[in-house]
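Trainee: The sequence isn't on hand, but the structure is:
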């Protein structure tokens, strides 16, 4: 099965990122403004993207400041049954490259920060490589940049502005 996988450095503490991924206010600020979510395992988070398109996620994992997991239970057919995870690993400049040498380019571009968090995102269990899979992979990159912007600057680029430059 194909999977979507992204890694990015965010110059913010794990607590701030965790809050942005688990709270209604945080999700609304980087993903979709009408998000409805509570940080409770087995709760259902609702993510509308306009009047006729949405996704419902069952919250499956909440490890404070470390990991968030969801399973898509309603929405576009290709999304149903997929699982999403956000793992957050605090880092300092001195130890990050020992564990993740592939992050050197991102580390060089982090402005004025010697510490922060590595976010490891997975959207797994897709049934096939399809045009929707390709579009979602690209768009997740845009939304993760929005999450990074929110955590580093206080302002994300949620839907419908995730693709604007």
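Mentor: Noted; the coordinates are in hand. Everything numeric in this text was worked out from a predicted model, so none of it was measured. Numbering: from 1, shown residues only.

Trainee: Can you give me the distance of the residue nearest to residue 76 when sequence neighbours are not counted to residue 78?
Mentor: Among residues not flanking residue 76 along the chain, residue 132 sits closest, at 6.8 Å (Cβ to Cβ, 6 or more residues apart in numbering). In short, each C-beta sits where N, CA and C put it, glycine included. Distance, residue 132 to residue 78, by Cβ to Cβ, to the nearest Å: 5 Å.

Trainee: got the phi/psi numbers for the one residue sitting closest to the centre of the chain?
Mentor: With distances taken as Cα atoms, centre = their mean, residue 144 lies nearest the centre of the chain, 5.2 Å away. Dihedral pair for residue 144: phi -70, psi -30, per degrees, to the nearest 10.

Trainee: again with residue 124
Mentor: phi -110, psi 170.

Trainee: do the same with residue 133
Mentor: phi -60, psi -50.

Trainee: now the helices for this protein?
Mentor: 14-22, 24-30, 93-99, 104-109, 131-153 (DSSP state H).

Trainee: Name the residue most distant from the centre of the protein?
Mentor: residue 94 (25.2 Å).

Trainee: Could you report the distance from that residue to residue 106?
Mentor: When distance is defined by Cβ to Cβ, residue 94 is 16 Å away from residue 106.

Trainee: what's the answer for residue 1, then?
Mentor: 27 Å.

Trainee: So between these two, which is more surrounded?
Mentor: For residue 1 versus residue 106, the count of surrounding residues by other Cβ atoms under 10 Å is larger for residue 106: 15 against 9.

Trainee: from memory the more buried one sits against residue 10, does it?
Mentor: No. Judged on Cβ atoms under 8 Å, residue 106 makes no contact with residue 10 at a distance of 9.7 Å.

Trainee: Name the residues that touch the helix-or-strand element of the chain with minimal mean pLDDT?
Mentor: Lowest by mean pLDDT, DSSP states H and E among the helices and strands of the chain is helix 93-99, with a mean of 79. Residues from elsewhere that reach helix 93-99 (Cβ atoms under 8 Å, 6 or more residues apart in numbering): 9, 103, 104, 107, 114, 115, 118.

Trainee: ok, those vs residue 65, which is closest?
Mentor: Residue 65 lies nearest to residue 118 out of those, by Cβ to Cβ, at 12.9 Å.

Trainee: if we look at the sheet, which residues does that closest one bridge to?
Mentor: residue 9, residue 89 (DSSP bridges).
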